[in-house]
Each structure stands twice: as C-alpha cells, then as structure tokens.
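Colleague: structural data only, the sequence is not supplied:
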C-alpha cells in the first residue's frame, strides 16, 4: 500500500479541464518529483491532493483512506503538510506567529514547543528573526519560513510547490539541501519543480506532466538520462 | 452649550460609531466584503429591545441580552444563507449587491411588522449621570456607559485577536484564505465567528444609540451604518484601532460642527473630511499599503 495514491483524477476550472486523468503514487519514505512546464497542471495536482480543489472524477487515497471529499482544513491533522507556490506566508504576522499557525491543529503545548525548537535548529536564520514581520523577509527567508511552518504540523508527508522559484542559485542549493535533510528525518516528500535538473537529482522517482497528463515516469536517474527530457526540461541541445 | 459638553457628546456619539465600525471593519478585514446590511442589524437589535422592554415589560438587561443573541444569529444566518454561496462568485459585486438587498429586506420587514411611525425608545440606562465643575459640565449616564463600553470592547477585541488561537486564525484568514486552510483553519467557521462578533456589537450599538437618541424607526440604523462605514474607511478599513479612532473623530467632528457651524451642514462636513483624508492618505489613518512580495 502506497502512502499516497492518486487514481485517475480529472480537475476542471469552470469549462477548462486542467487535469485529464492523472494517476501516480508516493511510497512512504520516498522523494517523488512532478516536473513539467508552466501550465502543465503541477500546482493543480498538489491542490487537489491537499483538498484545496475537488476533482470532478477520480480518487485521492492517503494512508489507505479516501480523502477526495475531505475539506482542505481537515487534511493537515492527518499528517499532510503543503508548502504552497509563492511561499504564501502571512505577511503581517511575525515569524514566530507564522510558525505557531503551522501547529494550529495540534493540541499538545509541550510538543509544539519542542517542534518549534527543532524548526529553529533547522532554520537558524528564522531564529534570528522571530519577532520580524514575515512580509519584510527576503524571498529565501520566506521560503524557509513556509517550509518551517509546514514542519510545525509534524507531517508524515510534505507537499512542496516550486520551493526554488525566484531564488538565487546559491539559495536554491540551500533549499534543496534542506529538502533532503527533512527527507532524511523520515518525512516523505512530494516535490513540484520547474528546476527539473535539481529535482530529478534528489528524487527517487519522478513523473513528467504535460498539459494535464502524465507522459513519462521513472526513477530520477532514468529521467535525467532520457534524451527527450534533456531536450525539453534540462536545456540541453 | 459649552465646548466641553459638545466635546463629550461627540465622544459619546463617536464611541457608538466606533462600536459599529468595529463590526464593519472586522467583517471587511476577514471576509473581504462590505456588509451594507450591518447598519440595519442595529435597527433590528433596537426593535428587539423595544419589544422586550417597552412592550413586554421585561428588565432592560434581559432585553439587551436577547437582542445580542438574536442579532448574532441574524448575522451568522445572513452570512450562511445570503453571502457564503456567493463568496466564490465571479464578481465581488454579487455579494455587495446582495448585502444592499438584505439591508432593504430588513428595513421593509421592520416596516411591515412595526409600522412607519416613530417609536419612543426608553433608555436602558436609567442612571442620570454626573455633574462636574460645579454644575458647568453635566455628563449623562448613557454617555459615560457608552464611552466606557467602547473602550472595553476595543481592549477585549485586541486581546482576542492577538492573544487567542481563534484570533490568530482570524488574522490568518484575513491575510490569505488558501494558506489559512493549509494550516488546518476552517475558513467558513472563522468567517461565521467574525459575523457573530460584528453582529453582537451591532446589537450593543443599537441599545446605546437608541438610549442616547430615543426615536426608533425602520431607518434608524441606515445613517449610523453609513457613518460607521465612513469611520472604518477613515481609520483604515480592516484595522481595529483604526475603526475606533475613525469613529471617535467622526463623532466629535459631527457634534462640534453641528454646534458651531451648522446642523444642516454637519453631515456634509463629515463626508467632506472623508474625501480629504482619502485624497491625502488613500489607505486611511491607520491603514497599511498592501504590497505583494514575489
């Protein structure tokens, strides 16, 4: 049984079909990447998994439970966290308030404090800025905050949408190091990236999305070595 | 009338505007909608008190309590039935027009039930007040209660929003509904809670307004509602302290211009100030410029 199973989901925005029957799965302990061009449906896929969007048909199963119809706000407490595209930190709240909202569904105060400490250890730059308003952080710091906030829910799986977007190459490297470190701590990762090279390098397996369909799948290595992929997504001639 | 008396009266009227504006601004800040029926909740609340206290002869405290409970239900119910289904509508105008419709609906229902004649509202605060400075300054009981209550409400709301989990959820929903959902916050429930608080405050404002100005008609809430909206915009819509300051400024300006300039022109002056403030500072006195960071 896979941790996350997505079976043949179709999603519409009004009359426009964004996903045309997508099937994939994520095993416990994996890093799985979804790669593809702008508008291929990567973000839509993540939104459907975490319950922000409802598919017209198909099924999302998580920990062997059908979560297709469960509203988004109830999915967090099942152990799924989502780091949205564009960070989406709460700009007028402080770093610490943002992080504490990440633990909104958790009850145990002592455990929340210890998770907060762990997150600050993982992101020392956030610890220096606990009282700073999130909107004034740099793009990289906001990405770290968004990731830290997701970790505050103590997830089993973390969905990351374009974590490297708009960051300098140095920061991109740092963010990918953090993703690997989070994974080593036992968190399963579903990663959406336009930076296909970086994503495939750390992924156990990956799926290629094109205009709402999965056109290819394989291990990260296989896709990195595939000529079509190299031409289309890795910028090789 | 001495300047001080006018000033205190302005402070009192301003406190009522502030209580109404707090409801306006919270609903706007969190649900991102202007509830133009908010002023009419005041009128509904006042009729409820009138019915229970003047007609049925119950204790004013009971009347106020019943009014708060029923107005809360009215606010939450209106949101659930009329506004929530339109929240995902293509145009934000849909819910705005619906709110205007709700406003007319409530006014006409009141007209149908209570008639168009002015009801004389018995003050719920029997305390006659205090005399200061050897009789030079008389402050009515209702004035003191109004000012004290508005300050207490402001402090309570600030505490609630900044120090409680539900308050933090409200701030999160105000800033980003999608991200709030990802934190596990039930956006619909949070918006319902906001309407509940705003409508309960409208009931309180109605009790105070009609105790200070004891004539009640189906249109009693309309003008104070609009003025409170102006106060919320003046202070920076979405800001809780802004609503308070906007309300006080508006009330004081209104009473002082009524006393010293012209009672006919006082409303024009109030709205004129709004225009000037918005020209100079479009976000209002305490409003922030929202900026997107990429």
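Modeller: Received it, and whenever you're ready, just let me know what you need. The shown structure was predicted, so the numbers you read here are calculated from the model rather than taken from an experiment.

Colleague: so what's the residue count around the residue of the stretch 51-200 of chain B found nearest chain A?
Modeller: Chain A sits closest to residue B:184 of the stretch 51-200 of chain B, with a gap of 3.6 Å, by Cβ to the nearest Cβ. From N, CA and C alone the C-beta is placed, and that goes for glycine too. Per other Cβ atoms under 10 Å in any protein chain shown, the neighbour tally for residue B:184 reads 22.

Colleague: can you give me phi and psi for it?
Modeller: Backbone geometry at residue B:184, expressed as degrees, to the nearest 10, gives phi 100, psi 10.

Colleague: touching, it and residue A:79? I think so.
Modeller: No - in this structure residue B:184 lies outside contact range of residue A:79 using Cβ atoms under 8 Å: 11.2 Å.

Colleague: and chain A, which of its residues are near chain B?
Modeller: A:50-52, A:71-77, A:81-82, A:84, A:86, A:88-93, A:97, A:100-102, A:104-105, A:135, A:139, A:142, A:149-150, A:153, A:166 (Cβ under 8 Å from any Cβ of the partner chain).

Colleague: PyMOL command to pick out the buried ones of these?
Modeller: Selection of buried members from the residues of chain A next to chain B for PyMOL, criterion 16 or more other Cβ atoms under 10 Å in any protein chain shown:
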select buried, chain A and resi 50+51+52+72+73+75+76+81+82+84+86+88+89+90+91+92+93+97+100+101+102+104+105+135+139+142+149+150+153
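
Colleague: shared neighbours, residue B:184 and residue A:79?
Modeller: residue A:153 (Cβ atoms under 8 Å, 6 or more residues apart in numbering or on different chains).

Colleague: hang on, residue A:179 packs against residue A:33?
Modeller: No - using Cβ under 8 Å, residue A:179 is not in contact with residue A:33; the gap is 10.3 Å.

Colleague: more neighbours: these two, which one.
Modeller: The neighbour comparison of residue A:179 against residue A:33 (other Cβ under 10 Å) goes to residue A:33, with 28 against 25.

Colleague: tell me if the more buried one really is in a strand.
Modeller: Yes - the assignment for residue A:33 is a strand, going by DSSP: H, G, I helix; E, B strand; the rest coil.

Colleague: you'd agree it is up against residue A:208?
Modeller: No - taking contacts as Cβ under 8 Å, residue A:33 lies outside contact range of residue A:208: 9.4 Å.

Colleague: report the contact partners of the residue of the stretch 51-200 of chain B closest to chain A.
Modeller: Residue B:184 neighbours (Cβ under 8 Å, 6+ apart): A:73, A:74, A:75, A:76, A:77, A:104, A:105, A:153.

Colleague: next: residue A:119.
Modeller: Residue A:119 touches A:99, A:126, A:148, A:151, A:152, counting by Cβ under 8 Å, 6+ apart.

Colleague: show me which of these is closest to chain B.
Modeller: residue A:152 (8.8 Å).

Colleague: what does the average pLDDT come to for stretch B:13-26?
Modeller: Mean pLDDT, stretch B:13-26: 95.

Colleague: should've said stretch A:141-158
Modeller: Average pLDDT, stretch A:141-158: 97.

Colleague: and chain B, which of its residues are near chain A?
Modeller: Counting by Cβ under 8 Å from any Cβ, the residues of chain B that sit close to chain A are B:165, B:168-169, B:171-172, B:175-176, B:178-187, B:288, B:291, B:293-294.

Colleague: tell me which entries of those lie within helices.
Modeller: B:165, B:168, B:169, B:171, B:172, B:175, B:178, B:179, B:180, B:181, B:182, B:187 (DSSP state H).

Colleague: which ChimeraX command selects the buried ones in those residues?
Modeller: A single ChimeraX command selects the buried members of these (16+ other Cβ under 10 Å):
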select /B:168,169,171,172,175,179,180,181,182,187
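
Colleague: widest-spaced pair of the ones in helices among the residues of chain B next to chain A?
Modeller: Spatial extent of these (Cβ to Cβ) is set by the pair B:165 and B:178 at 19.6 Å.

Colleague: tell me the first helix or strand C-terminal of whichever helix in chain A runs longest.
Modeller: Secondary structure of chain A read by DSSP H shows that its longest helix is helix A:169-184. Next along the chain after helix A:169-184, taking DSSP states H and E as the criterion, comes strand A:188-193.

Colleague: remind me what that following strand packs against, helices and strands.
Modeller: strand A:31-36, helix A:42-49, strand A:157-161, helix A:169-184, helix A:196-202 (3 or more Cβ pairs under 8 Å, 6 or more residues apart in numbering or on different chains; DSSP states H and E).

Colleague: ok, residue B:178 to residue A:72 distance?
Modeller: Residue B:178 is 8 Å from residue A:72, where distance means Cβ to Cβ, to the nearest Å.

Colleague: next, show the common contact partners of these two.
Modeller: With Cβ under 8 Å, 6+ apart as the test, residue B:178 and residue A:72 both reach residue A:52.

Colleague: quick one: common contacting residues for residue A:179 and residue A:33?
Modeller: By Cβ under 8 Å, 6+ apart, the residues touching both residue A:179 and residue A:33 are A:191, A:202.
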